[in-house]
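> Prediction below, plus the sequence it came from.
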Amino acid sequence: MNHINVGEISQYCQKSVKKKQMMTQTFLPQFTIAELVFQVYHSGLLTSTHREQLKTALLNDCLTEEDHTAINRLLHAVRRGWLKVVA
């Protein structure tokens, strides 16, 4: 009978999560929400890259109140038609 060591599973999961975080950080360019918002408003376009960066930032759950406000303003501008969402 195989015995499952909970400690080993926990360590494996932690290593797996760290590896995924490192891969995500490697493939996505570093940015700030302020830079992203500036780029979007300057161009008038919310691209798939911008959306992916926003998704990553929101999922990492490390945003300030100011960042949340800026993202909400972007979404409001999209709803109002002031910004165009493109592929």
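Received the coordinates, thanks.

> Show me where the protein has its helices.
6-27, 33-43, 48-60, 65-80 (DSSP state H).

> which residues are contacting the last one?
Read it as helix 65-80. 33-34, 37, 40-41, 46, 54, 57-58, 63, 83, 85 (Cβ atoms under 8 Å, 6 or more residues apart in numbering). No exception for glycine: its C-beta is placed from N, CA and C like everyone else's.

> Please repeat the previous calculation with a cut-off of 6 Å.
33, 37, 83, 85 (Cβ atoms under 6 Å, 6 or more residues apart in numbering).

> Give the rounded mean pLDDT of that helix.
Across helix 65-80, the average pLDDT comes to 94.

> do the longest one as well
The average pLDDT for helix 6-27 rounds to 49.

> can you put the contacts of helix 65-80 in a markdown table and add neighbour count?
Output for those, formatted as a markdown table (neighbours: other Cβ atoms under 10 Å):
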| residue | neighbour count |
| --- | --- |
| Ile33 | 20 |
| Val37 | 19 |
| Leu83 | 19 |
| Val85 | 11 |
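
> which two from these end up farthest apart in space?
Greatest spacing in the contacts of helix 65-80, by Cβ to Cβ: Ile33 and Val85 (17.7 Å).

> buried stuff in stretch 31-47?
33, 36-37, 39-41, 46 (16 or more other Cβ atoms under 10 Å).

> ditto for stretch 53-71
53-54, 57, 67, 70-71.

> For those residues, give me TSV that also has distance to Arg79.
Converted to TSV, these look like this (distance: Cβ to Cβ, whole Å):
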residue	distance to Arg79
Gln53	20
Leu54	15
Ala57	20
Asp67	19
Ala70	15
Ile71	13
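
> Dump the buried residues of stretch 31-47 to a markdown table, plus pLDDT and distance to Val78.
Below are the buried residues of stretch 31-47 laid out as a markdown table (pLDDT from 0 to 100; distance: Cβ to Cβ, whole Å):
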| residue | pLDDT | distance to Val78 |
| --- | --- | --- |
| Ile33 | 92 | 15 |
| Leu36 | 93 | 14 |
| Val37 | 94 | 12 |
| Gln39 | 94 | 14 |
| Val40 | 95 | 9 |
| Tyr41 | 95 | 11 |
| Leu46 | 96 | 6 |
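
> Sweet, I'm off.
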